[in-house]
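# Compute the structure for the input listed below.
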Amino acid sequence: MIHFKGFYKILSIVDGDGMVVSNLNTSELIEIRLYGIDAPEVKKCRKLLLDEKVTRKPGSFLIKLGLLSKNYLSSIAPINTTVSIYQETKNKIDMYGRTLAYAYLPDGICINEQMIKEGYAKPLNEYYCNQLGSYQYLSNFARQGKKGLYNITQEF
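The predicted structure follows:
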């Protein structure tokens, strides 16, 4: 089950699957982790080392992909854009304290879905979310169509 959390303004884009937002009513600041998707890292970290092992690609290459993903997210959801935030009933916070959420643009486009549809993120298969099946389906089309990062590599 998914419920509405509120309207927020984007203050910064952290990477291809994260942003910092401010509640329009309360000014509460939260870091959003776009739920159900995974984009390459933009800096050296523990996850980058894991991704290097899984993909067998150098970290420097994965970081370049991560920056492309971040740039795409910045282009579709620029700073100061108002977004509607929705959360699933379960799994509201990740292990780093970030808010897991679906973010929607004013025109109704789901940012999470758009990132996968255009090939700048992939489904996060390790954890269940209500949209996982749909995200896997969209990701296959992005890969086959060589969209976004899939125009550079078949795996990230």
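
# At which residues are the helices of this structure located?
In the chain, the segments counted as helices under DSSP state H are 46-55, 59-76, 111-117, 132-144.

# From the chain's centroid, how far away is the longest one?
Translated: helix 59-76. Mean-position distance between helix 59-76 and its chain equals 11 Å (C-alpha atoms, centre = their mean, to the nearest Å).

# again with stretch 76-87
Centre-to-centre, stretch 76-87 and its host chain are 12 Å apart (C-alpha atoms, centre = their mean).

# Which secondary structure element of this structure has the lowest mean pLDDT?
Sorting the helices and strands of the chain by mean pLDDT, DSSP states H and E puts helix 46-55 at the bottom, at a mean of 93.

# Show me what that helix is packed up against.
In terms of contacts (3 or more C-beta pairs under 8 Å, 6 or more residues apart in numbering; DSSP states H and E), helix 46-55 is packed against helix 59-76. Using the backbone N, CA and C atoms, a C-beta is placed for each residue, glycine as well.

# For I10, which non-adjacent residue is closest in space?
The shortest distance from I10 to any residue other than its chain neighbours is 4.9 Å, reached at T81 (C-beta to C-beta, 6 or more residues apart in numbering).

# Tell me how many other residues crowd that neighbour.
T81 has 17 neighbours, counted by other C-beta atoms under 10 Å.

# what's near enough to touch it?
Going by C-beta atoms under 8 Å, 6 or more residues apart in numbering, T81 touches 9-10, 105-106.
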